[in-house]
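K.L.:
coordinates for the following, if possible.
(one chain, ligands or ions: 1)
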Amino acid sequence: MVVSAHPLASAVGAEILRRGGNAVDAAVAVQFALAVVYPDAGNIGGGGFLILRLKDGTTHALDYREKAPAAAHRDMYLNGQGEVIEDLSYKGHLAAGVPGTVDGMVQVHEKYGRLPWSELVQPAVVLAATGFPLTKKEAKKLNDQRQDFVQYNTQSPEFFFQDHWREGDTLRLTDLARTLERIRDQGRAGFYEGRTADLLSAEMKRGRGIITKADLAAYRSVWRTPVTGQVGPLRVISMPPPSSGGIALIQLLTISEKYPLNAWGWNTVPSSHLMIEAERRVYADRAEHFGDADFYEVPVKGLLDTAYIRSRMRGYSPTKATSSQKVSSGTPPLPEGPHTTHYSIVDAQGNAISVTTTLNSSFGNKVVVGGAGFLLNNEMDDFSIKPGFPNSYGLVGGEANAIAPAKRMLSSMSPTILEKNGQLFMVVGAMGGSTIITTVYQIIQNVTKHGHTMQGAISAGRFHHQWKPNWVLSEWGALGFGTGLGLWLKGHKIAPAIHGIGRAAGILVLPDGRLEGGADPRGDDAAAGF
Ligand code: GLY
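P.N.:
Okay, the predicted model is just below:
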């Protein structure tokens, strides 16, 4: 089974599985297909993380997150007065980190793939070359972004050939098809060297960006050890730094385990109050302690220490919201003193892969590499560009996540696999910037504490708190009038999440061994399987 953000990408993945490919083969094919049919977040110009659990129970984490270019420096988005220059880390050429996706796909395929590489890239080549029908949501998004595309591009990308896109229009991406052909035929070299590298470097020169051919040649993704935590009967396997997601998720689930959430019920006043208060404390830790562990000593063991996690709830009152001003990060024990899309796949042998990949915001930095047809990320905005200055998600940070050459920016992406009693139980993850962690947290609680199906858990309304700003974002219907009023009386400020919170893709292994896919109704997401 494959669950992804686009029905065509899910169909590509399912077809690879039908042909005898394993979960890794399907993941590679889905990643490239999403770069065509879901250009707002599917990508080859961005990066991501993946968690792999093989049928023998071994687990692996691959970090193909973008890196700061060699010429990046800590104050690169500040003016002479030390003030942040609006949008510079968010839109246009300077916002891009060195892309990691193609190297990541090559590495995971070399180690664990079964089918030939070219067979996995070919479906994306065909989709780009022959075109595909736009969904209503995708047509609207392309129209909404038109002004930014015009402003930030140095050459007209194919998105401009039509003034107004409509549902059912065919989008043909011929430059992207040729780039994908080079990747299909030359693997890593088809992106990081030769013609694609020439085109990217020329684009940077035209737009005064700083990514060089040397940055591209030097990029390597990294195999890391997944973070794991035992929470009741569940073993949580998720992404370590430079993601904050895995650790934060384990912290949230560990805190919740001490409270009778199932007896309190789904999104009632006591259960949502407890979850909000846990989120407030966990995100305060995120702001202080998390960054790229290759550059900054993230106290991973301390942050995952059960006694430490429980101690963070000191000061918690069941009757009153805590002020975020009064909550600061904790001091975890030494020694160790740090617009996205997710897809989940399980193959017939029981191999499972959980992949979250991103350009950061929708359509990344809005720049299509001239002649190469792919969008670049705006991941530099995930660094703390000035201590305490909120990024586009309102997240703050400091030294741990300061910019440095070749450093990876902190992420919230949380590709996760759960085991129950030693067996594969759930493959899950989400898009949504800072809300990724709380989205995955709620979905797991919905299934394990409230008896939801996989689909029900993903469809259910969500809320989110991230310490700062001090409010609870809530989707319509997530909290209901009674719960909203109850939380308000405790002192919580509630704001509507007009655009929804997160989009998730999950697969649940049912007791009889069948797989249940959960595709998010907030998008065009689809499950495909056999
Ligand atoms: N770009 C969103 C994240 O990595 O958290």
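K.L.:
okay, now the unreliable bits of the stretch 251-400 of the chain?
P.N.:
The stretch 251-400 of the chain contains residues with pLDDT under 70 at 328-338.
K.L.:
tally of neighbours for the residue of it found nearest the ligand?
P.N.:
Nearest to the ligand, among the residues of the stretch 251-400 of the chain, is Asn360, at 4.0 Å (Cβ to the nearest ligand atom). (Each C-beta comes from the backbone N, C-alpha and C, glycine too.) The local packing of Asn360 (other Cβ atoms under 10 Å) involves 32 other residues.
K.L.:
and whichever strand or helix holds Ile250, how far out from the chain's middle?
P.N.:
Using DSSP states H and E, Ile250 maps to helix 245-257. Centroid separation between helix 245-257 and its chain, computed with Cα atoms, centre = their mean, to the nearest Å, is 17 Å.
K.L.:
what's the answer for stretch 229-237, then?
P.N.:
Centroid separation between stretch 229-237 and its chain, computed with Cα atoms, centre = their mean, is 21 Å.
K.L.:
same question for that stretch, mean pLDDT?
P.N.:
Mean pLDDT, stretch 229-237: 97.
K.L.:
quick one: end-to-end distance for it.
P.N.:
Stretch 229-237 has its terminal residues 7 Å apart, counting by Cα to Cα, to the nearest Å.
K.L.:
mind listing what's buried along that stretch?
P.N.:
Within stretch 229-237, the residues scored as buried using 16 or more other Cβ atoms under 10 Å are Gly229, Val231, Leu234, Arg235, Val236, Ile237.
K.L.:
measure Asn377 to Val126 for me?
P.N.:
Per Cβ to Cβ, to the nearest Å, Asn377 is found 25 Å from Val126.
K.L.:
try Thr340
P.N.:
To Val126, Thr340 is 25 Å away according to Cβ to Cβ.
K.L.:
which of those two has more neighbours?
P.N.:
More neighbours surround Thr340 than the other of Thr340 and Val126, with 27 against 16 (other Cβ under 10 Å).
K.L.:
contacting residues around the more buried one?
P.N.:
Thr340 makes contacts with Ala41, Thr356, Thr357, Thr358, Leu359, Asn360, Met413, Ala430, Met431, Gly432, Gly433, Ile436, as judged by Cβ atoms under 8 Å, 6 or more residues apart in numbering.
K.L.:
with adjacent residues omitted, what lies nearest to the second one?
P.N.:
Computed as Cβ to Cβ, 6 or more residues apart in numbering, the closest residue to Thr356 that is not its neighbour in sequence is Met413, at 4.0 Å.
K.L.:
pretty sure the one you found sits against Met239.
P.N.:
Yes - Met413 is within contact range of Met239, at 6.5 Å (criterion: Cβ atoms under 8 Å).
K.L.:
overlap of the contact sets of the two?
P.N.:
With Cβ under 8 Å, 6+ apart, Met413 and Met239 have common neighbours Phe49, Gly245, Thr356.
K.L.:
just the residues you listed that are near the ligand?
P.N.:
Among the shared contacts of Met413 and Met239, no residue sits close to the ligand (Cβ under 6 Å from any ligand atom).
K.L.:
which one of the residues you listed is nearest to Tyr441?
P.N.:
Gly245 (9.9 Å; Cβ to Cβ).
K.L.:
from Thr340, how far out is that closest one?
P.N.:
As judged by Cβ to Cβ, Gly245 and Thr340 stand 11 Å apart.
K.L.:
which residues are common contacts for these two?
P.N.:
Residues touching both Gly245 and Thr340 (Cβ under 8 Å, 6+ apart): Met413, Ile436.
K.L.:
quick check: longest strand in the protein by residues?
P.N.:
The longest strand of the chain (DSSP state E) is strand 423-431.
K.L.:
name the helices or strands packed onto it?
P.N.:
Secondary structure elements in contact with strand 423-431, counted by 3 or more Cβ pairs under 8 Å, 6 or more residues apart in numbering; DSSP states H and E, are strand 340-346, strand 352-358, strand 416-420, helix 435-448, strand 503-509.
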